[in-house]
Structure formats: C-alpha cells, structure tokens
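Visitor: Everything below, folded, please.
(chains A, B, C and D)
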There are 4 protein chains.
Amino acid sequence: MNNTYGEIIKITTFGESHGLIIGAIIDGYLSNKYLFENTIQKKLNLRKPFTSFFSTQRKELDKVKIFTGVFNYITTGSPILLLIKNHDNKSLDYNNISKNFRPGHADITYQLKYNYRDFRGGGRSSARETTCRVASGAIFNNYLLSKGILIRSYIKKIGNLKINFFYWKNILNRFFINIFYLKELKEYLNNIKNTSNSVSAEIVTIINGLKFGLGDPIYKKIESLFSNYILSINAVKSIFFGINLKNKNSYFIKDEISKFGFLSNNNGGILGGISNGQPLIIKILFKPTSSTSKNIRTINDNFKEVLSKTYGRHDPCVGLRAIPIIESMLSTIIINKIFIKKIYE
Amino acid sequence: MNNTYGEIIKITTFGESHGLIIGAIIDGYLSNKYLFENTIQKKLNLRKPFTSFFSTQRKELDKVKIFTGVFNYITTGSPILLLIKNHDNKSLDYNNISKNFRPGHADITYQLKYNYRDFRGGGRSSARETTCRVASGAIFNNYLLSKGILIRSYIKKIGNLKINFFYWKNILNRFFINIFYLKELKEYLNNIKNTSNSVSAEIVTIINGLKFGLGDPIYKKIESLFSNYILSINAVKSIFFGINLKNKNSYFIKDEISKFGFLSNNNGGILGGISNGQPLIIKILFKPTSSTSKNIRTINDNFKEVLSKTYGRHDPCVGLRAIPIIESMLSTIIINKIFIKKIYE
Amino acid sequence: MNNTYGEIIKITTFGESHGLIIGAIIDGYLSNKYLFENTIQKKLNLRKPFTSFFSTQRKELDKVKIFTGVFNYITTGSPILLLIKNHDNKSLDYNNISKNFRPGHADITYQLKYNYRDFRGGGRSSARETTCRVASGAIFNNYLLSKGILIRSYIKKIGNLKINFFYWKNILNRFFINIFYLKELKEYLNNIKNTSNSVSAEIVTIINGLKFGLGDPIYKKIESLFSNYILSINAVKSIFFGINLKNKNSYFIKDEISKFGFLSNNNGGILGGISNGQPLIIKILFKPTSSTSKNIRTINDNFKEVLSKTYGRHDPCVGLRAIPIIESMLSTIIINKIFIKKIYE
Amino acid sequence: MNNTYGEIIKITTFGESHGLIIGAIIDGYLSNKYLFENTIQKKLNLRKPFTSFFSTQRKELDKVKIFTGVFNYITTGSPILLLIKNHDNKSLDYNNISKNFRPGHADITYQLKYNYRDFRGGGRSSARETTCRVASGAIFNNYLLSKGILIRSYIKKIGNLKINFFYWKNILNRFFINIFYLKELKEYLNNIKNTSNSVSAEIVTIINGLKFGLGDPIYKKIESLFSNYILSINAVKSIFFGINLKNKNSYFIKDEISKFGFLSNNNGGILGGISNGQPLIIKILFKPTSSTSKNIRTINDNFKEVLSKTYGRHDPCVGLRAIPIIESMLSTIIINKIFIKKIYE
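Guide: Residues are numbered from 1 along each chain as shown, chains lettered A, B, ... in the order given. Below is the predicted model:
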C-alpha cells in the first residue's frame, strides 16, 4: 500500500474507519513557526459530519491533538504527529454487511488484493481517511494564506441541479453554494434521499495569488501533479483545467498578452504546465455516494449471490462535504511546489 | 526541471525540438528479453508527422537507434539508450518569433521561470518531446500485448464534430476514427484550417485484459496515477474515468455483482482505486493547438506589445496524432503497476 | 527533516526523547500475516536500558502497542502504527543544560539549523529515537528468520579491550560478547566510568542465508545501501565490508571458485555490489558516548563561554546497546531488497 | 537495475565498457549558467587512463560532448546529455575470458542475477562507468568552487606503503601523493606488478568551506548520505568519518567550543549528522584490483572448473585513479544538500 503524499513535505496517514484512532505524520515542514491545535481544529470542523439531513449521522467529535514535533507551540522541524480518536466506531450497522461485498464500494477489490480486510465501515477505504488530509492541509493552508494565496471553491452542480455562482460573498460558508439556492437544494436532496438514491457533484475551485513559475514542465506539469492529488480523493472521477473547451475553437484558447498582462484566462492560469500568475481554475467531478439503502444484487465472501443494502449512515451527495478535502490537497501540493521553487531562486 | 517518469522502470527523456538529437534512457526493464529497433520504429511511425493536410509539414524520419543496454538483440538489464536525430531542425520559420512570446504557448512561462530559453521551436516544451515517450512506451506496449493486455483508442469528437464509434474494426488504423466519418472530418478540418483556426479533440481509451488488483488504495489509486501520466501530455486539459456521470444518479454507478461477475461497468474497471478485472475506460480532452496563423496581440522579450502569428508548420488538431502518446504513457504506468504487484504475490 | 527510510516498505519514525510518546508507521508490509505485539516487545526488551552499570539508568518500560493496520492479529496491508509511551521523561536532569550546547552533541547544529530546538534530552537527536527502529525491524527480522536468513553480531572491541570470538554459542545473549570476557569487560568499563570517561566499540555482524542476487549494481550496491542504513545510527563513524584488507595484496581478495562454490569469502559475500550466496560480513565502529560527567568548555545559547558537564544518565559505551539497532536496520534493508528482487523473477 | 543518483539534481549514467558510447543525463541543474565542454574535459583528463606504468594501457580519448540542455553555451534548465565515445573497445583481450567468471569480479553475480550479460570488459560493471560520474561531477565541482567549497584528497597508503602528508603544496597534481614519495611508490608498484599482484589504497578527502546546516538528522545524516555515494564506487570497501577513534577515549571525541568556535575537529565537521562549519574529514579504502595476470581457479559458464588469468590492461592499484571519482561523487551530494537547504532558508 502507499499512504504517503508530498514531495518535500511528506504526509503519511493511517487508521481505519472503525479502529481506535486515525492520524497523520507531517515530515519536512518549517521549524520555528507557531502551530496551535485550534488552527487545525477549525478546518476539521468544516468537514465534520454534521446533523443536517445533508450528511451522515455518524457522530464524530473529530478532536485533533498534536503529539510530537511541536515544543511550546512552536514547530521544531521534527515530524508532527496528529491523532484523532474514533468515537462513533461501533460496528453494529456494518456487521450485517461484513460478509457481503457492497456494490460500488472497494470491498471486493480490497478482499481480492489483500486476501484479508477490515470490513468494519470499509476499513481504510472509508472516506473517514480524508479527515487526516484535512488536518494536515490546515497547516499548509494557513501558511499559504500568510503568503497571500487564497483557495476558494463553490458547488456548481448537484445531480441535475445547476447552482449559479454570482459573487463569493453569496457563497454559504459551510455549504459552499449560492445562498439563494439553499431552499431548492434542500428539496432536491430530500427527494433524492426519499427515493433511496444519491447524486453526483461538480465543484469549481479557484486559486488566487499564485506567482508565475510554479510547476515544472514535461512530467511535473501543474495539470499532472494537481490531478494526481485530486484524483486520489474518494469518489472523484474527473478533473478539468481552465475554461470549458467544448464547442470552442483555438481563438479562445490563446490568451492574448498586453504590456499590462494577459487579456483573458482561458488557459486557467497555466501555460506549458507552469503557473503564469493568473488565477488557477479547476473543475472537479464526484460520483454519487455508493452507499444507499436500495436493495441490489451482489455476492458474499463465499461468492454466493445475495441482495444487499447499506443500513449505515451516509450522505446523499458525497461531494457536499468534499471541499475542505480538495482545498487541503491543493494546499499541500502548492506548498510543496513553492518549496521546490525556492531551490532555483 | 524533471524529465523522469516511472516508479520501477524509470524513463528519462531529453533533447530540444530543434537541437541535434532527442532521446530517452530506460532504466529498470527486464533482462534477457529480445529487443529489436523495429518494434520501436513501428510505433514511432504511427506518431510521425505525415504529409496529409491533417498534420505539421515538418519532415522527420524519426529513425530510432538503440545504443546501450542491448547485446546481440537481448536486453542485459542495463539502461537502454534510444537516440533519434532531428533532421528538419532548420530554425528559419521560428527566427521571426524568437523574440515574441507566442500566446497560448509556454514561451513566457519558460522565460520567466528559467531566465533563459531555447526559443527554437519551443525547445523542450515542443510536442516533439513526446516522440521519446512513444519510443519507450513501444517496448512496454509490446510486453503488455504478450500478457494479453490490449490498449485501444478512438477519437470521439473533433471540435464540434461528433464521430460515432461502432466497432473496433471500423476504426481507421492510423487516424483512429470511424472510417465512415473520414470524408466529413476532412471537410471539417479543411474549414478549420482555412479560417486559420484549430480545434479540440476528445479521445476514448479502453484497456482490456487487466487483472484485478492493479493500483494501490489512497494516494496511488489508478485514477490518481493514470491522470498524473495522461495530464503530463502537452495540451491535455481533462481526464474522465468510467461512464458519463452527468445527469445520472447513484443507481447507475453501483455495478451489481452476480456469481459470474459484474453486471455492468459504470465504474470503468476501478473500485477504490484498484482494478476490478473489467475493462478500463478513460476519456481524455485535448485543447486546440495554440499555434495558428492568425495575428494576435502579445509582447516581446523587451515587454513591448507586438502583433504575432505563427508561420510554422502545425496541426489543426493536436489531438489527432496524440493517441500513440496516450497509449505509450498508459503502457508505462501499467507495466510499472504489474511489477509492483509482483512484490506482494 | 527526513524521518522515513525504506524503498518498498517505508518506515517513518517520530517523537522526542522527553515528549509524551515515540513511535513508527510501517507502510507497505505484507497483508494477511499474523502480527503480535509480543514479537516486537521481545526485541525491544533486548535494547531496553537496563539496570546494570553498563547502561543509562533511565527507567523506560518501552511497552509497544499496535494501533492500526492489524485486525484480529492479522495484517490488513494498511499502515501499521506502533506507539511507545515515554515514562521517565522528567526533564530535571537536563534543565541545567538546556541553555548550554553540550560538546560532541547535536545541540549546536540543531539550534543553528532549525533556529529552535526541543532541548529536553536532545529532543529528536537522542538515541531514544532508535527504539522505534528496533520496534519496526522486529517485524522484518521475524520475516527473514522464516525465510532462513539469520543476522548475528558480536562485540569485537570495546575501547582498547579486544574481545576474542570463538563460537556463536559462547556469545552472551544480551551482551553480545564472548562469555569468558565478561569479568574483564566489567572491570574495564568500571574504570572508564570512574574516570568520567567513555569508549568506542567495534561490532561484527554476519548474515547467513542470503541468496545470490540481492542488491543492484552501480548506485544501489549492497555496500552503498547497507552503509546508508548503518551510518544513520547515532554514533556510528565507520563501516567495513569483507575481510581486513590492510597489509594484504590482491591474492587474498580474489575468492577462487570451484564447481562446489567459492573457496574463500574475503569479499564478504558481495561481488559487484550483488550478494553471491556467501555469508555477508560487516564491521561497524561506534564513537564513544558524548555525554560524560567531565567538565568541558562550551558556549551557551547567548554564545557566552561556560563550563559544562552532563549530569544525565548515560552509557559508558553506546555501542553496547547498539546491536539490536544494527540488526533492525539490516533486517529492514534486506526485506526491501528481497521485495525488489521479486519484481524481476 | 538502478542507474540514477541525486536527490534534486538527478544523474543517470548508461553505456557498457566495450559498447559504442557511454554517457550521462543531468536533470535539475540550474538554468542560465555558462557551461563549456572544456570544464568537463579538464576533469576527465585527470581520470583518463594514461601511459605510465601505473595504469591500464587502454587508450581512450575520453572526449566529452554536450548534446542537449545547453544553448549558446548557457544552460536552459533542460536535461543535459553528455556523450563519450568508446575508442579502444576491441574486445580481443576479453574474448578468451568471455566464458569464464573472473574471480573477484562481478561476472558471476551479473550472470546469475540477469541470466544474461555483456561479457565484453565487464559490460556495465567495469570501472569505465565511473567516467560518466566524473564528467557530471565536474559541473557541480565547478559550482562549489564558485561558492568557496574546496574538495581536496591525498593518498595515505598504497598496500603496505605509508605516504606521509605534509602540505597540500607537496601533493602531486595528478598522482595525489606527496612528491617526495614518488620514487619509492614507483619501485613499490613495479614490484607489485612484476609479481602479478595488485594492492589496496587508502585515501583521505578533506572538504573546506562548507557552512553549518548541511545534512538532515536521523536518516539523512551526512555520514549516511556520503557513505551511500562513496560506497557506490567500484572497489571501495570502507569509509571512516572524523579522527581515528581506535585506542582513543571519549575525551578526544568531544570537541570543546569557545566563543571563537570549535577548539578541535575530532568529529570531522559533523555533529548529529549535520555539518558544523568545520572541515569535513573522510577516509576511504579501496580493495586491490581484482584483475591480475595470475592463474587462479574459477568456473566457466558451463559450471566446469578452469584456470583463468586476465590478459587485459589493468591498474596495479585501482585507488590511484579513483580520486576524481570520489571528488565528483562528493560534489554531487554536496550540491544536492545545498539545494535542499535553500528550501528552509
């Protein structure tokens, strides 16, 4: 398996959905910087499963604690250990499916690949793993903010429901949608839920404040590295850089340049794999949650056919809680690219 | 810069568009295997710029020669050096643009990042670099074929022109399109060319014969690694795994399982980032060629505004010649994944 | 900083000498294997500071606990988290030296490099970090034993005292010396201690059961990789492969080959960086412990000169407890090399 | 196999002893720096086999040519391709041994590991490979000189012959020995040669001008990384950091510190794996050349016993020409460490 990401700063995550703890090790971050648990906690709270009908009813405090690498609230340069206890890890709801391979889930591939698996809540394949990415990313996101780099996202589409974006100030803090669409979205998702269904989500992320020169040409283009990070998020199935190319010809793709800078940003802030100083624009597509309460055909671990449904606590749209994960992964790759750029300056 | 890719077998490419040579070093391939230059040459010929109106008029023989790592036509396990001479590297057509930053090209980002650049034909940022990927990938593609793994692609859309796929046998060998659309495509591209324009391309790649268990969960999911490789190809702006999710709800994404196997393949052969034994399905989007002969605003290296057009020899649709590159990159990542899987068996 | 080692199986260690916990993450080990805490604990007990006059009086239980990656005593393939609590981490003995840079220690280089440091007991530079290497290595050592690979060591020299090796059965289990020298060694070390001094140690390690073909030529020769691992152990200053070459000419270095195998083993089991099926022979030199209770000149963190002595609890010879660390590091590199070899078989 | 070294700047070497060419790719070096072939050629000439009785009679021009990555004598940041033609690659002298496994050589391990080998002159295991390390290292050595970092070496011992070092100005430019010992050394080596023998060599390297803070603690200590690089050189069997510890007690190892700096340098410029601003001191041991003209027992590739001797052209002491290789490897690791340090500054 491979549970490490990052080129200069390396993050290793560990822990299963229903084990005692989950956590992350961060190795290679700067020394002599203030680091408070609260900086991390605030980001975690954004991702935390909450008590609306939008998300899983799993009750997790997601309380993070820093164990190593920080002395008197200051980083020493040593590896930083973050641990988060699993509270609501009773495996009752999953016991009945411990033997069935849930369709659309990784149960069958994990079993075949590893010849053994922690079936409680999907073990390591659970989206609970992404909690640790958010915890680590919070530190880097904070660093980027101090350098004037701002990562913002909004939900563009939930299933068939298109949500128009007008201004950033209209975007609801925790829901990442245009406030005027909240009622419509609730009704839409209610309907999805009542029909035991789940839907996809399309998210747009825009990064302001990046200087030119991030990314390397050829095999470490921004597109290449960013997609590597983003496509590692559970349920992400597609990524898109820049403007919508469909039905467009080349006239639009060539951003003209005046002496005051670029006259458009169809290339979404990237030329030849390198940032050109304009805002980065990324579109990300999540598939619908695979866990729903519909009865569907599958096999069990004796390779007998059964009907299975998931009694667990699940989101009707996994994309709704995904934005802190996206922004954490982007923060991680960007801080790494900034560190590498420093070598050649 | 970074010019190496591959986890177990490492490929390093080098050389500029208008330098003396381009080439690749392959390190970590199997010893004691037959390797003939002709195996590589045949794949190169598929990508070679040819004399139709479809592609650049640059005349390159793309004749590959193996210099090291092979003794009496058998690999020794040592690094394999492939060299290809640049023939048509007169820089005449580019001299007039040596001082202007071509819009949509990497000229400006290279100049700003490296403070110096080989302006002849884009230097290393030219698509000529991909020749070396095809040369290396040919060796791995051949290996995969011997293991029953078949990578095939077709062009689904050129600009606004949708090209229906019926059967693999209808797909034209070198053009990768349904033979019945050839006339229509010619007319369409002629029109694009006559209006000094260029268009995008959408390509579908399907991989048959992959066993379950390729790819690692979490940070080395198939989606993550494949997109890392594919988005490193010049002009690729988007990737998509599995079925088209748009306007679809969760019912479609959960491929039910019978005792004879999966009943559908909406997830495109991947569950939890691991191959599940079904065909892999990938969709790739290329932006339009940035070089066209229209006059557009830009600046020169004194940061003065000028009007610029590209007199060079260019394809109206860069995606048309891209399929051998896609298949080479996929061959490289798959052989690496197969090698890593062997560790745990 | 960099706190990860291992090419296929990656181990990341963390924690400071006087923090709450130390530990390790093991990523990439086999799934579906039994793993008991006791296997690890037994090795840790060998390294544990004990109550003889030989070693530090620091009282640590070194009780290891497995938190993730194991389900019902069986590995799942997920990362394995090992945690060990620090018990005797009262920083009293170190408070008086918190401001002085102890000569021979890493205090000054850490302060200058990181602009901040955890001065309690040396923080991360303390030999306490090696506990985590032993814990991880125990798992791999166990695997190697099951494959017939036996790593054994003995102390050849402590300061000026040469200790003859006769048979493995004469080697004391925990002290790694010829049993007949125990009395002499005690007297020698007593004298060293009474004079507030410390001494070097020379250790010989012999590995039986390695098949040919481990190691790669050129930049990953066995000598290259093994020394990389061994020289990362605190206080190791030299490594030597094969026979003692001094005062010997080439006749001795060319191990002749009969049809029954090699007729000698002067090359210590390696030819061209690759194992040749004979026992591997390595000699390792530890410098004397830098902490002693003699008054010596140094500066404090205001760069004022002071006299300093270490009141802490320290070994007169750090090499005495080092053998479990050596064997753990060698187990780690060997299991990695075995895993890589599997790729090409 | 693995033919790449370097963490930020990566060097990949290729080519066999008796193939058409050997060479290196350098990826990740600075852009916008002058680079002349002559800078590399001068270093190569130091290593070149020459016509004294000291070294192999193989006649090689070792003429290097830069093919990519440099435009108008200035680096572009793209990979730099260096190629060197093999001239004296007639395999006549080796034909008679093509079937025998030369004792002390890598013939047998390569054959067993790869099931096939380029037997001409040892193929890739030949010391000819080190030519490419010297060529690459010359570029970095030049960079280090411009930063005030000076790497110098002398031969301390050849077989039994101890060569005293007095001043750097007494050290012969090309022979790296005290000029007053030249006659004695010639006689000694003549005798070794006449008795068909070969001898070991002990070399001391001292690096001046390193600032504090190079190297990382724990697993990337200077000792760990430098030994990784040095032990990858053919025939190196041991490395030693700092003063000779033998027969010394701890008093000597603790370099006291005054407000003007360290009062001694017994630790050889390293504390806790990090450079402390003092000169680095390294001692390196080469085993005797394995090729001599004595008849010795071995087996051939049918596993039949034969008597074998090497008719080829060989050095009586491989260590004599090794210093440019040592200094090139050290230049490579140091420039990488300087680049990494820049990240955290």
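
Visitor: Write down the beta-bridge partners of A:Ser153, one by one.
Guide: For A:Ser153, the beta-bridge partners under DSSP bridges are A:Thr205.

Visitor: meant to ask about A:Ile257
Guide: Beta-bridge pairing for A:Ile257 (DSSP bridges): A:Phe262.

Visitor: That one against B:Phe101, yeah?
Guide: Yes - counting by C-beta atoms under 8 Å, B:Phe101 is a contact partner of A:Ile257 at 6.4 Å. Bear in mind the C-beta positions are built from the backbone N, C-alpha and C, glycine included.

Visitor: Now the common contact residues for the two.
Guide: B:108, B:298-299 (C-beta atoms under 8 Å, 6 or more residues apart in numbering or on different chains).

Visitor: neighbour-wise, which of those leads?
Guide: The most crowded member of those, judged by other C-beta atoms under 10 Å in any protein chain shown, is B:Thr298 (26 neighbours).

Visitor: Could you grab the helix/strand/coil label for that residue?
Guide: strand (DSSP: H, G, I helix; E, B strand; the rest coil).

Visitor: Give me the longest helix you can find in chain A.
Guide: helix A:323-343 (DSSP state H).

Visitor: May I see the buried residues of that one?
Guide: A:323-341, A:343 (16 or more other C-beta atoms under 10 Å in any protein chain shown).

Visitor: where does the residue in the stretch 101-250 of chain A positioned nearest to chain B land on pLDDT?
Guide: With C-beta to the nearest C-beta, the shortest gap between the stretch 101-250 of chain A and chain B falls at A:Ala106, namely 2.3 Å. For A:Ala106, the model assigns a pLDDT of 92.

Visitor: My read is that it contacts B:Ile270, right?
Guide: No - counting by C-beta under 8 Å, A:Ala106 sits too far from B:Ile270 to count as a contact (9.5 Å).

Visitor: and the buried residues of helix A:323-343 near chain C, which?
Guide: Within the set of these, contact with chain C (C-beta under 8 Å from any C-beta of the partner chain) is found for no member.

Visitor: Tabulate the CA atom coordinates of the longest helix of chain A in PDB.
Guide: Taking Å, rounded to 0.1, in the frame of the first residue of the first chain, the C-alpha atoms of helix A:323-343 are listed here in PDB:
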ATOM      1  CA  ILE A 323     -14.500  20.900  -0.500                       C
ATOM      2  CA  PRO A 324     -12.200  21.000   2.600                       C
ATOM      3  CA  ILE A 325     -10.600  17.900   1.300                       C
ATOM      4  CA  ILE A 326     -10.000  19.400  -2.100                       C
ATOM      5  CA  GLU A 327      -8.600  22.600  -0.600                       C
ATOM      6  CA  SER A 328      -6.300  20.600   1.800                       C
ATOM      7  CA  MET A 329      -4.900  18.600  -1.100                       C
ATOM      8  CA  LEU A 330      -4.300  21.700  -3.200                       C
ATOM      9  CA  SER A 331      -2.700  23.500  -0.200                       C
ATOM     10  CA  THR A 332      -0.300  20.500   0.200                       C
ATOM     11  CA  ILE A 333       0.800  20.400  -3.400                       C
ATOM     12  CA  ILE A 334       1.100  24.200  -3.700                       C
ATOM     13  CA  ILE A 335       3.300  24.500  -0.600                       C
ATOM     14  CA  ASN A 336       5.500  21.700  -1.900                       C
ATOM     15  CA  LYS A 337       5.800  23.500  -5.300                       C
ATOM     16  CA  ILE A 338       6.700  26.700  -3.500                       C
ATOM     17  CA  PHE A 339       9.400  24.900  -1.500                       C
ATOM     18  CA  ILE A 340      10.800  23.400  -4.700                       C
ATOM     19  CA  LYS A 341      10.800  26.800  -6.500                       C
ATOM     20  CA  LYS A 342      13.000  28.200  -3.700                       C
ATOM     21  CA  ILE A 343      15.800  25.900  -4.800                       C
END
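
Visitor: which other helices and strands contact it?
Guide: Under the contact criterion of 3 or more C-beta pairs under 8 Å, 6 or more residues apart in numbering or on different chains; DSSP states H and E, helix A:323-343 touches helix A:37-47, helix A:130-146, strand A:150-158, strand A:201-208, helix A:222-230, helix D:323-343.

Visitor: Mind putting the ones you listed into TSV with mean pLDDT?
Guide: Output for those, formatted as TSV (pLDDT from 0 to 100):
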stretch	mean pLDDT
helix A:37-47	91
helix A:130-146	97
strand A:150-158	94
strand A:201-208	96
helix A:222-230	98
helix D:323-343	97
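
Visitor: which ones are touching A:Leu82?
Guide: So A:Leu82 contacts A:23-26, A:40, A:64-67, A:132, A:135-136 (C-beta under 8 Å, 6+ apart).

Visitor: A:Ile239 now?
Guide: By C-beta under 8 Å, 6+ apart, the contact set of A:Ile239 is A:226-227, A:230-231, A:282-285, B:227, B:231, B:238-239.

Visitor: Buried ones in the host helix or strand of it, by neighbour count?
Guide: A:Ile239 belongs to strand A:236-241 when assigned by DSSP states H and E. Neighbour counts using 16+ other C-beta under 10 Å place A:236-241 of strand A:236-241 among the buried residues.

Visitor: And for stretch A:112-124?
Guide: A:112-114, A:116-124.

Visitor: Export those residues as TSV, with columns for distance to chain D and secondary structure.
Guide: Compiled in TSV, the buried residues of stretch A:112-124 are given as follows (distance: C-beta to the nearest C-beta, whole Å; DSSP: H, G, I helix; E, B strand; the rest coil):
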residue	distance to chain D	secondary structure
A:Leu112	31	helix
A:Lys113	27	helix
A:Tyr114	28	helix
A:Tyr116	30	coil
A:Arg117	31	coil
A:Asp118	30	coil
A:Phe119	35	coil
A:Arg120	34	helix
A:Gly121	34	helix
A:Gly122	33	helix
A:Gly123	29	helix
A:Arg124	25	helix
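
Visitor: Against the centre of chain A, work out the most remote residue.
Guide: Centroid-distance maximum for chain A: A:Lys259 at 37.7 Å, with C-alpha atoms, centre = their mean.

Visitor: I'd like the distance between that one and C:Ser17.
Guide: Distance, A:Lys259 to C:Ser17, using C-beta to C-beta, to the nearest Å: 59 Å.

Visitor: tilt between the strand holding A:Ile239 and strand A:201-208?
Guide: Interaxial angle of strand A:236-241 relative to strand A:201-208 (axes from the mean of the first three to the mean of the last three C-alpha atoms, to 10 degrees): 40 degrees.

Visitor: Give me the distance from strand A:236-241 to the chain's centre.
Guide: Put simply, strand A:236-241 sits 12 Å off its chain's centre (C-alpha atoms, centre = their mean, to the nearest Å).

Visitor: what residues does the stretch 51-200 of chain A put near chain D?
Guide: A:Gly77.

Visitor: Show me what from the stretch 51-200 of chain A comes close to chain C.
Guide: Checking the stretch 51-200 of chain A against chain C by C-beta under 8 Å from any C-beta, the hits are A:67-69, A:71, A:74-81, A:113-118, A:120, A:123-124.

Visitor: list the contacts for the closest residue to chain C within the stretch 201-345 of chain A?
Guide: Closest residue of the stretch 201-345 of chain A to chain C, C-beta to the nearest C-beta: A:Phe339 (13.0 Å). Taking C-beta under 8 Å, 6+ apart, we find A:Phe339 in contact with A:8-9, D:343.

Visitor: The closest residue in space to A:Asn208 that isn't next to it in sequence: neighbouring residues, count only.
Guide: Nearest residue to A:Asn208 in three dimensions, chain neighbours excluded: A:Leu150, at 4.7 Å (C-beta to C-beta, 6 or more residues apart in numbering or on different chains). Neighbourhood size, A:Leu150 [other C-beta under 10 Å]: 15.
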